[in-house]
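S.K.: I'll drop the sequence and a predicted model, then ask my questions.
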Amino acid sequence: GAGVSQSPSNKVTEKGKDVELRCDPISGHTALYWYRQSLGQGLEFLIYFQGNSAPDKSGLPSDRFSAERTGGSVSTLTIQRTQQEDSAVYLCASSLTGPVGEKLFFGSGTQLSVL
Amino acid sequence: AQSVSQHNHHVILSEAASLELGCNYSYGGTVNLFWYVQYPGQHLQLLLKYFSGDPLVKGIKGFEAEFIKSKFSFNLRKPSVQWSDTAEYFCAVKGDNQGGKLIFGQGTELSVKP
């Protein structure tokens, strides 16, 4: 597609439920990133993929968070047993070459609200 | 671990005023430095970047930033702001041993009054 696509754009869930957030990167981009944006907290790095592997998952806040990427394309971020503190905007970004420092292209994010 | 600090959370300026947004990072090695901008209702987008060479980097829309290695700083400047510059600005750093991890600061919200 023309840009990074994320779905859903908004997700409201109840505490304790699992959620899946999807990211479609720009075609041909090998690197894919997940960030979390909370009010007043800036962008918090979660995980980075190069192809289908995740060389850096150091930012995942707990073992309730996991992510996968298949076919070097679509990625899914899963949050199990959601908590209210998980409420945030989850941003996905992709880039051509990853660690070399290429420009990141961001999606519009998924606004997650945990009630 | 690397970190990025943006000193100003919210800056309010009148049109034609000069702008300087502070950014300091902590990392001992070689860094790549970025400023991203998020206009209201839009995606984050790259404003400018520094990889090597001339420490004064020019970006889009008249913005520039200067890398001062001795101060671990990468401040963003614009001589004369416009109402359309109202946005949130994020400084980001990628260290040479940090793989693909791009670390962002907390962001600075800029409001320009017409």
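M.R.: Thanks, I have the structure now.

S.K.: Residues of chain B that sit close to chain A?
M.R.: Residues of chain B lying near chain A by C-beta under 8 Å from any C-beta of the partner chain: B:6, B:9, B:32, B:36, B:43-46, B:49, B:51, B:90, B:92, B:94, B:98-107. To be clear about C-beta, it is placed using only N, CA and C from the backbone, and glycine gets the same treatment.

S.K.: now the residues you listed: which count as buried?
M.R.: Among these, those classed as buried by 16 or more other C-beta atoms under 10 Å in any protein chain shown are B:6, B:32, B:36, B:43-44, B:46, B:49, B:90, B:92, B:94, B:98-107.

S.K.: Just to be sure, which of those are found in helices?
M.R.: Counting by DSSP state H, no part of those is found in helices.

S.K.: Not including adjacent chain positions, what is the nearest residue to B:Cys91?
M.R.: Among residues not flanking B:Cys91 along the chain, B:Cys23 sits closest, at 3.5 Å (C-beta to C-beta, 6 or more residues apart in numbering or on different chains).

S.K.: Run a quick neighbour tally on that neighbour.
M.R.: Residues lying near B:Cys23 (other C-beta atoms under 10 Å in any protein chain shown) number 26.

S.K.: and it, how far is that from chain A?
M.R.: 12 Å (C-beta to the nearest C-beta, to the nearest Å).

S.K.: which ones are touching that residue?
M.R.: B:Cys23 makes contact with B:4-7, B:33, B:35, B:65, B:73-76, B:91, B:105, according to C-beta atoms under 8 Å, 6 or more residues apart in numbering or on different chains.

S.K.: Kindly recompute the last result at 7 Å.
M.R.: Residues near B:Cys23 by C-beta atoms under 7 Å, 6 or more residues apart in numbering or on different chains: B:Val4, B:Gln6, B:Ser73, B:Phe74, B:Asn75, B:Leu76, B:Cys91, B:Gly105.

S.K.: for A:Arg64, same thing?
M.R.: Taking C-beta under 7 Å, 6+ apart as the test, what A:Arg64 contacts is A:Ile79, A:Gln80, A:Arg81.

S.K.: So which residue is dead centre in chain A?
M.R.: A centroid search over chain A (C-alpha atoms, centre = their mean) returns A:Trp34, at 3.2 Å, as the residue closest to the centre.

S.K.: Point out where chain B drops to low pLDDT.
M.R.: Chain B contains residues with pLDDT under 70 at B:99.
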